[in-house]
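**Q** Kindly return the folded structure for what I paste below:
(chains A and B)
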There are 2 protein chains.
Amino acid sequence: MGTQYFVVPTSVHDSLMEAAFRHRGYTADESQAAARFCHQASLHGIRTHNGIKALHLDEHFGSKAGGCKPGAIIEKLPSKYKAVQRWNANRKLGMATAFEAMDTCMKLADEYGVGIVAVDNAFHYLWGGGYVIDVADKGYIAYTNCTAALAEVVPFGGKFPTLGTNPHSWGFPTRDVIGYPICVDWATSTVATGRIQQFAREGKQLGAGWAVDKDGVETREAAQVAALLPFGAHKGYGLSLIDELVAAFIGGSLPTIRNRWDKVPAGEKGTCAFFFQCIRPDAIACEDFACKRSQKENVKAVIADILGHGNEKSMLPGQIEAESAALSKKHGGLLFTAAEVDAFAAIAKEADVAFDSKSFKSVEV
Amino acid sequence: MGTQYFVVPTSVHDSLMEAAFRHRGYTADESQAAARFCHQASLHGIRTHNGIKALHLDEHFGSKAGGCKPGAIIEKLPSKYKAVQRWNANRKLGMATAFEAMDTCMKLADEYGVGIVAVDNAFHYLWGGGYVIDVADKGYIAYTNCTAALAEVVPFGGKFPTLGTNPHSWGFPTRDVIGYPICVDWATSTVATGRIQQFAREGKQLGAGWAVDKDGVETREAAQVAALLPFGAHKGYGLSLIDELVAAFIGGSLPTIRNRWDKVPAGEKGTCAFFFQCIRPDAIACEDFACKRSQKENVKAVIADILGHGNEKSMLPGQIEAESAALSKKHGGLLFTAAEVDAFAAIAKEADVAFDSKSFKSVEV
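**A** Okay, the predicted model is just below:
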């Protein structure tokens, strides 16, 4: 007994997303980038950060709230440093900004071995994993971090949420090696707020290390939750702090007012910051691989060793996403639940485009 | 009631370390680098990775075991990529290699905004935090990771140790801002093997998420421990895997034979790999700081926001190390326990140099 999914042809999904973003005032290029990225997320089975979420974010923090400006022009600041660029995105759509930044990182890496783009005044890019998977598939070691929209996480030992769920995403070019790019990608909170809300609805006790009450004491009761905990105690706290610090060096301001536009005083800022990096794998190949292996053969041998010795049940990060992508391709479209198809119907209605909810074949997975 | 420490003058410590490494066959430059680094570790209160540990590592994995070659020459491979260098360290002393690699990263960053040095055939560099603190104090955002000597950690969901305790270390130039560089630095296992051994000696129950038995089932009994667990479940696993993958792209071979020289077949490799990176903070400054703050003032405001709102009890990563350094400076030397002074006396005896254990004043801290 699996879950029932509806198979939405990619062209239907992409056209709908494009129309929806155009309807919200975004340019053709921005809307295409949004459609391309939401496609990427749903292809990889990312149900929490798909097109529905993208439009929800746009409504609550984006074009309808002032956090994102359709048609914004990215200002690329002059720099004496050749492998690092610094951009003021002027609140341009996060997905369009992120694709362009990663393209630039790859070009810089082609010349310098590494390329970095730091972006200020950025708007939510949805899912960091999507960009690093995309870039890893083009042959680069990719990395991105960003400040999450809201400060929802307490620092280790603290009681008030002053950190974002600040994610980190790494991608490795391993498709030739194991069939898909390894993608290490997660938020630095143990769980997302959505998970707490889900447990509250279901009346279930929270897991250990998930959240604290208003006094900073860990709680397992969803009703008592005042803030999230970083994963792994002080270690996850450090990882969350890194995103805030990198953002602070770039231009991000006080975490507690970020995206809380009613609380941002004149002269202050409420925008996010992004950090992108690509490295050419051949730039770090020291040409002394054991047993005369090529770099790829060496990576393959190392992965086989890690998953050998009785560790066959271990998975690689990125494997679930790759399996979702294979499933989508097998069924010839993107897979959505009935509730998600309903949400798309509502989006189509808002954008005033045709969308026949009843036209999709269903599969049980 | 504090702990009693003996104050060893820095010149006494540094001379002893230099002599001990010279005695093991290292060159004057290598021995000076070792002394400088061990000084750095003890200054910052790092009791697990000081000069005593460095010589212990040298004995078990280094010059006496074949993992490290005194006087080795680093081969700097040609590259068409200007901001990234690739070095074959030929098993040169890790501390000397790491200082030189970070110096090169800084020079590359001065020109390109970012500089990376990837090092193959490397030997243990002791404590990544020491390098990033050093480089952060010179004004750069610093990062390093490496493959740890031995595979002691199971992948998430696995049962056999095929990953090192693979650390990550980040340093931020915040001395002008808060009085010390922020340093995020830890291993990717929940605890080190030494901690398990300590708990075994004391007959204490292990913490949750520390270790597994031979079947990969988590255990709280020290006697049952077959391998360590990564911290934070799949998230820490991903972070440990990153070091193995970066090493595999550089030239590191199978984790399970690393530094197990009796198990390394002909043509195979048992060495570690290092990755170093420096970024110029001004290269990522997008010049749109809120309230016309400077970059430093902005970083200060962000940190104050994070530790404000009732979070005064939170600490910043690097704070404990900074407090240790202040204490050492206050007492005019490096602080060691009686057992550590005894270990130094044994080191002095091996190196055939004078060392008067009774000459140090003691302080209670």
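
**Q** in chain A, which spans are helices?
**A** A:10-23, A:28-43, A:51-60, A:94-112, A:128-136, A:175-178, A:193-202, A:233-250, A:295-306, A:319-331, A:338-351 (DSSP state H).

**Q** Could you tell me the least trusted of those helices?
**A** Across those, helix A:193-202 has the smallest mean pLDDT, namely a mean of 92.

**Q** hmm, it touching chain B?
**A** No. Between helix A:193-202 and chain B, judged by C-beta under 8 Å from any C-beta of the partner chain, nothing touches; the nearest distance is 14.4 Å. The way it works is simple: take the backbone N, C-alpha and C, and place the C-beta from them, glycine included.

**Q** Stretch A:72-85 too?
**A** Yes. Stretch A:72-85 lies within reach of chain B by C-beta under 8 Å from any C-beta, at A:77, A:79, A:81-84.

**Q** ok so, going back, for the helices of chain A, give me CSV that also has mean neighbour count.
**A** Listed next are these as CSV, based on neighbours: other C-beta atoms under 10 Å in any protein chain shown:
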stretch, mean neighbour count
helix A:10-23, 20
helix A:28-43, 22
helix A:51-60, 20
helix A:94-112, 23
helix A:128-136, 26
helix A:175-178, 16
helix A:193-202, 14
helix A:233-250, 26
helix A:295-306, 20
helix A:319-331, 16
helix A:338-351, 16
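
**Q** mind giving me a markdown table with those helices and columns for distance to B:K204?
**A** Converted to a markdown table, these look like this (distance: least, C-beta to C-beta, whole Å):
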| stretch | distance to B:K204 |
| --- | --- |
| helix A:10-23 | 56 |
| helix A:28-43 | 46 |
| helix A:51-60 | 46 |
| helix A:94-112 | 48 |
| helix A:128-136 | 40 |
| helix A:175-178 | 41 |
| helix A:193-202 | 33 |
| helix A:233-250 | 19 |
| helix A:295-306 | 31 |
| helix A:319-331 | 37 |
| helix A:338-351 | 50 |
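
**Q** Among these, single out whichever gets nearest to B:D213.
**A** Checking the helices of chain A against B:D213 by C-beta to C-beta gives helix A:295-306 as the closest, at 19.7 Å.

**Q** Now do that closest one against helix B:233-250, angle only.
**A** On the basis of axes from the mean of the first three to the mean of the last three C-alpha atoms, to 10 degrees, helix A:295-306 is oriented at 140 degrees to helix B:233-250.

**Q** elements contacting helix A:295-306?
**A** helix A:175-178, helix B:233-250 (3 or more C-beta pairs under 8 Å, 6 or more residues apart in numbering or on different chains; DSSP states H and E).

**Q** how about the shortest one, does it reach chain B?
**A** No. Using C-beta under 8 Å from any C-beta, helix A:175-178 stays clear of chain B, with a minimum separation of 9.5 Å.

**Q** what's the spacing between that helix and its chain's center?
**A** 23 Å (C-alpha atoms, centre = their mean, to the nearest Å).

**Q** what packs against that helix?
**A** Going by 3+ C-beta pairs under 8 Å, 6+ apart, helix A:175-178 lies up against helix A:295-306.

**Q** How many neighbouring residues does A:V184 have?
**A** Using other C-beta atoms under 10 Å in any protein chain shown, A:V184 has 24 neighbouring residues.

**Q** sorry, back to before: show me the one of the helices of chain A that comes nearest B:D103.
**A** Taking the helices of chain A one by one with C-beta to C-beta, helix A:94-112 is closest: 18.8 Å.

**Q** Distance from the closest one to the middle of the chain?
**A** The mean C-alpha position of helix A:94-112 is separated from the chain mean by 16 Å, C-alpha atoms, centre = their mean.

**Q** got the CA positions of it in PDB?
**A** Taking Å, rounded to 0.1, in the frame of the first residue of the first chain, the C-alpha atoms of helix A:94-112 are listed here in PDB:
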ATOM      1  CA  GLY A  94      16.200  34.400  -5.200                       C
ATOM      2  CA  MET A  95      16.000  31.600  -7.700                       C
ATOM      3  CA  ALA A  96      17.000  33.800 -10.600                       C
ATOM      4  CA  THR A  97      19.800  35.300  -8.500                       C
ATOM      5  CA  ALA A  98      21.100  31.900  -7.400                       C
ATOM      6  CA  PHE A  99      21.200  30.400 -10.900                       C
ATOM      7  CA  GLU A 100      23.100  33.400 -12.200                       C
ATOM      8  CA  ALA A 101      25.500  33.400  -9.200                       C
ATOM      9  CA  MET A 102      26.300  29.700  -9.600                       C
ATOM     10  CA  ASP A 103      26.900  30.300 -13.400                       C
ATOM     11  CA  THR A 104      29.400  33.000 -12.500                       C
ATOM     12  CA  CYS A 105      31.100  30.800  -9.900                       C
ATOM     13  CA  MET A 106      31.600  28.100 -12.500                       C
ATOM     14  CA  LYS A 107      33.100  30.600 -15.000                       C
ATOM     15  CA  LEU A 108      35.400  32.000 -12.300                       C
ATOM     16  CA  ALA A 109      36.400  28.400 -11.300                       C
ATOM     17  CA  ASP A 110      37.200  27.600 -14.900                       C
ATOM     18  CA  GLU A 111      39.900  30.300 -14.800                       C
ATOM     19  CA  TYR A 112      41.000  30.500 -11.100                       C
END
